[in-house]
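Enquirer: no sequence on this one, just coordinates:
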């Protein structure tokens, strides 16, 4: 009888899952559209630009993701250091579980270790890896803006690590990334077109400025729950910022780890130079959805700050800086990126 009850419960959950998918199918044709970066179009949902499949993931997470108070959630806009911070957080949390010589990151891509909630929830509940396979504390990630986060995330005691990146570098990195993923039948995506859309806020999970400000304001209201770090700060001083991360997520380094080689080896293991040289990150594919797959090598381009200097014209630079200064006005982000 217990097994029958379990099957019945899963059937009810699957029905709820299908109900969300039906809502998604109904709302999709009614939403504003703009040209997409790697798909034919993006749609605007509650002020956020998403791919159609991205919207489905957001709605499923809204209805079905249940946050636990022990969860650690990494939040980023696309190409803001997601892969790097997944590796860093996984290493911090598991530094006493694995020797560096046989660490999972040596043979496993970070995206296989830290999953996006909006991707993994896009399955029937009975096979949902987030529900069935993850032990507590769970380390998860998302591109979802703060305004669209599931209520269970906002109201639980889980901790959120948000990573911001200079909009100029984010633009270039997104443009390069999505150009590689465009279907062969679609023409290349010119930087001029990407720039125009980006400045208008039309980018995946964008506008980028709203994404950054949403988490920044949440961190001001609840600093014990939301920590905002920048890609640039981690590049400049990884040891200091790894310690900040470790303290915030409740896995502080002890004095011996700080003074010994543990901290140094964590920095080295997760460095761009090391990660990009590993065979697992030169081959293999991330199958995020049935239609969306990404070669692991696409997650490792340059790992630098300031690459925008090689691409943006003076006019583009002036326009983008002006937008950032206006949008970030009154926040600490204005002094970083304005």
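Expert: Now that the structure is in, tell me what you want to look at. All values derive from a computational prediction rather than experimental measurement.

Enquirer: Name the residues that touch stretch 225-240?
Expert: With contact meaning CB atoms under 8 Å, 6 or more residues apart in numbering, stretch 225-240 is reached by 80-81, 84-85, 88, 157-166, 169, 215-216, 218-219, 241, 244-245, 248, 263-264, 267, 304-305, 336. (C-beta placed from N, C-alpha, C; glycine too.)

Enquirer: residue ranges with poor pLDDT in the stretch 101-250 of the chain?
Expert: 123-134 (pLDDT under 70).

Enquirer: Give me the buried entries from the contacts of stretch 225-240.
Expert: Using 16 or more other CB atoms under 10 Å as the burial test, the contacts of stretch 225-240 include 80-81, 84-85, 88, 158-166, 169, 215-216, 218-219, 241, 244-245, 248, 263, 267, 305, 336 as buried.

Enquirer: Among these, which lie within helices?
Expert: Those of those mapping onto helices are 84-85, 88, 169, 215-216, 218-219, 241, 244-245, 248, 263, 267, 336, per DSSP state H.

Enquirer: Would you quantify the distance from the residue lying closest to residue 276 once chain neighbours are set aside to residue 205?
Expert: Leaving aside its sequence neighbours, residue 276 sits nearest to residue 300 (CB to CB, 6 or more residues apart in numbering; 3.9 Å). According to CB to CB, to the nearest Å, residue 300 and residue 205 sit 21 Å apart.

Enquirer: So which of these two has more stuff around it?
Expert: Using other CB atoms under 10 Å as the criterion, residue 300 and residue 205 rank with residue 205 on top: 23 against 18.

Enquirer: need the contact list for the closest residue to the more buried one other than its chain neighbours.
Expert: Closest residue to residue 205 apart from its sequence neighbours, by CB to CB, 6+ apart: residue 143 at 4.6 Å. Counting by CB under 8 Å, 6+ apart, residue 143 touches 54, 75, 76, 77, 78, 82, 116, 118, 204, 205.

Enquirer: give me the number of residues near residue 41?
Expert: Neighbour count of residue 41, defined by other CB under 10 Å: 15.

Enquirer: contacting residues for it?
Expert: Counted by CB under 8 Å, 6+ apart, residue 41 has contacts 33, 34, 35, 52.

Enquirer: In a markdown table, list the residues you listed along with pLDDT, secondary structure and neighbour count.
Expert: Shown next, in a markdown table, are the contacts of residue 41 (pLDDT from 0 to 100; DSSP: H, G, I helix; E, B strand; the rest coil; neighbours: other CB atoms under 10 Å):
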| residue | pLDDT | secondary structure | neighbour count |
| --- | --- | --- | --- |
| 33 | 97 | strand | 15 |
| 34 | 96 | strand | 15 |
| 35 | 93 | strand | 14 |
| 52 | 94 | helix | 18 |
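
Enquirer: and of those residues, the nearest to residue 326?
Expert: residue 34 (21.1 Å; CB to CB).

Enquirer: For the closest residue to that closest one other than its chain neighbours, give me its contacts.
Expert: Once flanking residues are discounted, residue 34 sits nearest to residue 202: 4.6 Å by CB to CB, 6+ apart. Applying CB under 8 Å, 6+ apart to residue 202 gives the contacts 34, 35, 42, 49.

Enquirer: how close does residue 202 get to residue 121?
Expert: Residue 202 sits 25 Å away from residue 121, going by CB to CB.

Enquirer: And residue 230, by the same measure?
Expert: Taken as CB to CB, the span from residue 230 to residue 121 is 28 Å.

Enquirer: Of the two, give the one with the bigger neighbour count.
Expert: Higher neighbour count among residue 230 and residue 121: residue 121, with 27 against 22, using other CB under 10 Å.
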